[in-house]
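Participant: everything below, folded, please.
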Amino acid sequence: MGKDVIVACDFPSKEATLAFLDRFTGRKPFVKIGMELFYAEGPDIVREIKARGHRIFLDLKLHDIPNTVKSAMAVLSRLDVDICNVHAAGTTAMMKAALEGLTRPDGTRPLLIAVTQLTSTDQQAMESDLLIREPMGKVVMHYALTARNSGLDGVVCSPLEAEAVHRTCGKQFMTVTPGIRFADGELGDQKRVMTPAKAKEAGSDYIVVGRPITRSDDPESAYMRCVDEFIG
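Facilitator: Numbering: from 1, shown residues only. Purely as a prediction, here's the structure:
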(Lines give C-alpha, C1' and ligand atoms only; values in the text may rest on other atoms or scores of the structure.)
Protein backbone atom coordinates (compact mmCIF):
# COMPACT_ATOMS: atom_id res chain seq x y z
CA MET A 1 0.00 0.00 0.00
CA GLY A 2 1.40 3.37 -0.99
CA LYS A 3 1.65 6.29 1.38
CA ASP A 4 0.26 9.75 0.66
CA VAL A 5 -0.58 13.12 2.15
CA ILE A 6 -4.27 14.06 2.10
CA VAL A 7 -5.01 17.80 2.26
CA ALA A 8 -8.12 18.68 4.27
CA CYS A 9 -10.05 21.20 2.17
CA ASP A 10 -12.13 22.54 5.05
CA PHE A 11 -13.46 25.60 3.28
CA PRO A 12 -16.96 27.16 3.36
CA SER A 13 -17.43 27.53 -0.39
CA LYS A 14 -16.59 26.25 -3.85
CA GLU A 15 -14.86 29.54 -4.68
CA ALA A 16 -12.50 29.35 -1.71
CA THR A 17 -11.73 25.69 -2.35
CA LEU A 18 -10.96 26.03 -6.04
CA ALA A 19 -8.91 29.17 -5.44
CA PHE A 20 -6.86 27.17 -2.93
CA LEU A 21 -6.37 24.23 -5.31
CA ASP A 22 -5.39 26.61 -8.11
CA ARG A 23 -2.29 27.48 -6.06
CA PHE A 24 -0.88 24.00 -6.70
CA THR A 25 1.06 24.18 -9.93
CA GLY A 26 2.79 20.80 -9.76
CA ARG A 27 1.63 17.62 -8.08
CA LYS A 28 -2.15 17.43 -7.58
CA PRO A 29 -2.79 16.61 -3.93
CA PHE A 30 -5.13 13.94 -2.64
CA VAL A 31 -7.89 16.00 -0.99
CA LYS A 32 -10.36 15.49 1.83
CA ILE A 33 -13.85 16.92 1.43
CA GLY A 34 -15.51 17.15 4.81
CA MET A 35 -18.89 18.18 6.15
CA GLU A 36 -18.37 21.93 5.90
CA LEU A 37 -17.66 21.96 2.17
CA PHE A 38 -20.03 19.13 1.24
CA TYR A 39 -22.95 20.69 3.10
CA ALA A 40 -22.21 24.06 1.52
CA GLU A 41 -21.87 22.89 -2.08
CA GLY A 42 -23.29 19.38 -2.33
CA PRO A 43 -22.09 16.58 -4.59
CA ASP A 44 -21.21 18.90 -7.48
CA ILE A 45 -18.07 20.05 -5.67
CA VAL A 46 -16.95 16.41 -5.49
CA ARG A 47 -17.49 15.99 -9.22
CA GLU A 48 -15.64 19.19 -10.06
CA ILE A 49 -12.60 18.41 -7.92
CA LYS A 50 -12.49 14.87 -9.28
CA ALA A 51 -12.66 16.21 -12.84
CA ARG A 52 -9.57 18.29 -12.04
CA GLY A 53 -7.62 15.10 -11.44
CA HIS A 54 -7.58 14.89 -7.64
CA ARG A 55 -8.19 11.76 -5.60
CA ILE A 56 -10.86 12.35 -2.97
CA PHE A 57 -11.49 11.20 0.60
CA LEU A 58 -15.14 12.03 1.29
CA ASP A 59 -15.11 12.52 5.06
CA LEU A 60 -18.77 12.57 6.14
CA LYS A 61 -18.45 10.15 9.09
CA LEU A 62 -21.86 8.53 8.71
CA HIS A 63 -23.39 7.29 11.95
CA ASP A 64 -27.06 6.29 11.99
CA ILE A 65 -29.27 3.22 11.96
CA PRO A 66 -28.01 0.57 9.51
CA ASN A 67 -30.73 1.00 6.89
CA THR A 68 -30.26 4.78 6.72
CA VAL A 69 -26.50 4.44 6.35
CA LYS A 70 -26.90 1.76 3.70
CA SER A 71 -29.20 4.02 1.67
CA ALA A 72 -26.91 7.02 2.06
CA MET A 73 -23.88 5.01 0.98
CA ALA A 74 -25.75 3.79 -2.10
CA VAL A 75 -26.14 7.45 -3.09
CA LEU A 76 -22.50 8.26 -2.34
CA SER A 77 -21.36 5.28 -4.39
CA ARG A 78 -22.44 7.20 -7.51
CA LEU A 79 -19.73 9.77 -6.82
CA ASP A 80 -16.29 8.80 -8.06
CA VAL A 81 -14.54 9.17 -4.70
CA ASP A 82 -11.66 7.04 -3.51
CA ILE A 83 -12.41 6.74 0.23
CA CYS A 84 -15.58 7.09 2.34
CA ASN A 85 -16.02 6.69 6.07
CA VAL A 86 -18.38 5.92 8.93
CA HIS A 87 -18.10 5.96 12.72
CA ALA A 88 -17.05 2.59 14.14
CA ALA A 89 -19.26 3.36 17.14
CA GLY A 90 -22.23 2.81 14.83
CA THR A 91 -21.85 -0.96 15.41
CA THR A 92 -21.00 -3.96 13.27
CA ALA A 93 -24.49 -4.05 11.78
CA MET A 94 -24.17 -0.45 10.60
CA MET A 95 -20.70 -0.95 9.12
CA LYS A 96 -21.79 -4.06 7.22
CA ALA A 97 -24.83 -2.18 5.93
CA ALA A 98 -22.60 0.71 4.84
CA LEU A 99 -20.37 -1.67 2.92
CA GLU A 100 -23.36 -3.25 1.22
CA GLY A 101 -24.79 0.11 0.23
CA LEU A 102 -21.46 1.41 -1.06
CA THR A 103 -20.87 -1.59 -3.33
CA ARG A 104 -22.05 -0.90 -6.87
CA PRO A 105 -23.94 -3.44 -9.02
CA ASP A 106 -20.69 -4.30 -10.83
CA GLY A 107 -18.98 -5.11 -7.52
CA THR A 108 -16.72 -2.04 -7.42
CA ARG A 109 -16.70 0.46 -4.57
CA PRO A 110 -14.56 3.12 -2.92
CA LEU A 111 -12.48 2.13 0.08
CA LEU A 112 -14.49 2.25 3.30
CA ILE A 113 -12.87 3.11 6.62
CA ALA A 114 -14.18 3.73 10.13
CA VAL A 115 -13.42 6.51 12.60
CA THR A 116 -12.21 5.10 15.91
CA GLN A 117 -11.85 8.08 18.26
CA LEU A 118 -11.48 11.65 17.03
CA THR A 119 -8.05 13.18 17.51
CA SER A 120 -9.69 16.04 19.43
CA THR A 121 -10.80 13.51 22.06
CA ASP A 122 -8.43 12.65 24.90
CA GLN A 123 -8.73 10.12 27.71
CA GLN A 124 -10.40 12.58 30.08
CA ALA A 125 -13.07 13.59 27.56
CA MET A 126 -13.70 9.98 26.59
CA GLU A 127 -14.32 9.06 30.21
CA SER A 128 -16.31 12.11 31.30
CA ASP A 129 -18.36 12.73 28.16
CA LEU A 130 -18.69 9.28 26.59
CA LEU A 131 -18.55 7.20 29.79
CA ILE A 132 -15.90 4.95 28.24
CA ARG A 133 -13.57 3.98 31.06
CA GLU A 134 -11.14 1.82 29.13
CA PRO A 135 -7.73 3.19 28.07
CA MET A 136 -7.72 5.03 24.75
CA GLY A 137 -5.43 2.50 23.09
CA LYS A 138 -7.66 -0.42 24.05
CA VAL A 139 -10.78 1.37 22.77
CA VAL A 140 -9.15 2.21 19.42
CA MET A 141 -7.94 -1.37 18.96
CA HIS A 142 -11.40 -2.74 19.72
CA TYR A 143 -13.00 -0.39 17.18
CA ALA A 144 -10.34 -1.28 14.62
CA LEU A 145 -10.92 -5.00 15.05
CA THR A 146 -14.68 -4.49 14.81
CA ALA A 147 -14.21 -2.54 11.58
CA ARG A 148 -11.91 -5.20 10.14
CA ASN A 149 -14.31 -7.98 11.09
CA SER A 150 -17.12 -6.02 9.42
CA GLY A 151 -15.20 -6.11 6.14
CA LEU A 152 -13.93 -2.53 6.10
CA ASP A 153 -10.60 -1.55 4.60
CA GLY A 154 -9.14 0.44 7.48
CA VAL A 155 -9.67 3.06 10.13
CA VAL A 156 -9.16 6.69 10.96
CA CYS A 157 -7.06 6.87 14.09
CA SER A 158 -4.44 9.13 15.58
CA PRO A 159 -0.87 8.48 14.42
CA LEU A 160 -0.13 7.44 18.00
CA GLU A 161 -2.19 4.29 17.41
CA ALA A 162 -1.24 3.47 13.80
CA GLU A 163 1.51 0.99 14.65
CA ALA A 164 -0.68 -0.88 17.12
CA VAL A 165 -3.56 -1.02 14.61
CA HIS A 166 -1.29 -2.66 12.04
CA ARG A 167 0.04 -5.04 14.65
CA THR A 168 -3.51 -5.97 15.67
CA CYS A 169 -5.29 -5.96 12.31
CA GLY A 170 -2.52 -6.61 9.79
CA LYS A 171 -0.29 -4.53 7.54
CA GLN A 172 -2.89 -4.37 4.76
CA PHE A 173 -5.50 -2.81 7.07
CA MET A 174 -5.26 0.88 6.22
CA THR A 175 -4.55 3.62 8.74
CA VAL A 176 -5.58 7.18 7.89
CA THR A 177 -4.25 9.56 10.51
CA PRO A 178 -5.26 13.16 11.12
CA GLY A 179 -3.74 15.11 13.99
CA ILE A 180 -0.62 16.00 11.99
CA ARG A 181 1.34 19.11 12.90
CA PHE A 182 4.82 20.36 12.03
CA ALA A 183 7.27 20.35 14.91
CA ASP A 184 7.25 24.15 14.88
CA GLY A 185 3.46 24.47 14.43
CA GLU A 186 0.48 25.10 16.70
CA LEU A 187 -1.73 22.27 17.97
CA GLY A 188 -5.07 24.10 17.64
CA ASP A 189 -7.90 21.87 18.94
CA GLN A 190 -6.00 18.63 18.36
CA LYS A 191 -4.93 16.59 21.39
CA ARG A 192 -3.26 13.45 20.00
CA VAL A 193 -0.81 14.70 17.39
CA MET A 194 2.43 13.81 15.61
CA THR A 195 4.73 15.30 12.97
CA PRO A 196 4.69 13.90 9.40
CA ALA A 197 8.11 12.28 9.93
CA LYS A 198 7.03 10.62 13.18
CA ALA A 199 3.78 9.46 11.54
CA LYS A 200 5.87 7.78 8.85
CA GLU A 201 7.91 6.00 11.53
CA ALA A 202 4.68 4.96 13.29
CA GLY A 203 3.39 3.27 10.13
CA SER A 204 0.59 5.59 9.04
CA ASP A 205 -0.53 4.83 5.49
CA TYR A 206 -2.10 8.23 4.86
CA ILE A 207 -1.83 11.43 6.87
CA VAL A 208 -4.54 14.09 6.76
CA VAL A 209 -3.20 17.62 7.05
CA GLY A 210 -5.38 20.71 7.24
CA ARG A 211 -4.40 24.00 8.80
CA PRO A 212 -0.60 23.59 8.51
CA ILE A 213 -1.19 23.63 4.74
CA THR A 214 -4.45 25.51 4.18
CA ARG A 215 -3.47 28.43 6.42
CA SER A 216 0.09 28.64 5.17
CA ASP A 217 1.24 31.68 3.20
CA ASP A 218 2.62 29.19 0.68
CA PRO A 219 0.35 26.12 0.70
CA GLU A 220 2.21 24.28 -2.04
CA SER A 221 5.52 24.58 -0.18
CA ALA A 222 3.87 23.44 3.07
CA TYR A 223 2.32 20.51 1.22
CA MET A 224 5.65 19.52 -0.31
CA ARG A 225 7.27 19.76 3.13
CA CYS A 226 4.69 17.21 4.33
CA VAL A 227 5.34 14.99 1.32
CA ASP A 228 9.10 15.15 1.86
CA GLU A 229 8.82 14.35 5.57
CA PHE A 230 6.21 11.63 5.21
CA ILE A 231 7.10 9.95 1.92
CA GLY A 232 10.67 11.11 1.38
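Participant: contacts, neighbours, all on C-alpha from now
Facilitator: Will do.
Participant: where along this structure do the strands fall?
Facilitator: Ranges of strands in the chain, per DSSP state E, are 4-8, 30-33, 56-62, 83-87, 111-115, 154-156, 174-177, 206-209.
Participant: pick the most buried one from the ones you listed.
Facilitator: Comparing the strands of the chain by mean neighbour count (mean count of other C-alpha atoms under 10 Å), strand 154-156 ranks first with a mean of 28.
Participant: tell me the strands beside that strand, with direction?
Facilitator: With DSSP bridges as the test, strand 154-156 is paired with strand 111-115 (parallel), strand 174-177 (parallel).
Participant: what about it, average pLDDT?
Facilitator: In this model, strand 154-156 carries a mean pLDDT of 97.
Participant: roughly how far is that strand from the heart of the chain?
Facilitator: Centroid displacement of strand 154-156 relative to its chain, using C-alpha atoms, centre = their mean, to the nearest Å, is 8 Å.
Participant: so what touches it?
Facilitator: 112-117, 144, 147-148, 173-178 (C-alpha atoms under 8 Å, 6 or more residues apart in numbering).
Participant: before we move on, the earlier item: got JSON lines for the strands of the chain, with distance to Lys14 too?
Facilitator: Output for these, formatted as JSON lines (distance: least, C-alpha to C-alpha, whole Å):
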{"stretch": "strand 4-8", "distance to Lys14": "14"}
{"stretch": "strand 30-33", "distance to Lys14": "11"}
{"stretch": "strand 56-62", "distance to Lys14": "15"}
{"stretch": "strand 83-87", "distance to Lys14": "20"}
{"stretch": "strand 111-115", "distance to Lys14": "25"}
{"stretch": "strand 154-156", "distance to Lys14": "26"}
{"stretch": "strand 174-177", "distance to Lys14": "25"}
{"stretch": "strand 206-209", "distance to Lys14": "19"}
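Participant: nearest to Glu15, out of those strands?
Facilitator: Evaluated over the strands of the chain, closeness to Glu15 peaks at strand 30-33, with 14.1 Å, by C-alpha to C-alpha.
Participant: for Ala19, find the nearest of the strands paired with strand 154-156.
Facilitator: Between Ala19 and the strands paired with strand 154-156, the shortest gap by C-alpha to C-alpha is with strand 174-177, which sits at 25.7 Å.
Participant: test my guess that Val115 contacts His87.
Facilitator: Yes. In this structure Val115 lies within contact range of His87 using C-alpha atoms under 8 Å: 4.7 Å.
Participant: which residues do the two both contact?
Facilitator: Listed as contacting both Val115 and His87 by C-alpha under 8 Å, 6+ apart are Lys61.
Participant: what about the closest residue in space to Glu134 that isn't next to it in sequence, distance to Ala114?
Facilitator: Using C-alpha to C-alpha, 6 or more residues apart in numbering and skipping residues adjacent in sequence, the residue nearest Glu134 is Glu127, 8.0 Å away. Distance, Glu127 to Ala114, using C-alpha to C-alpha, to the nearest Å: 21 Å.
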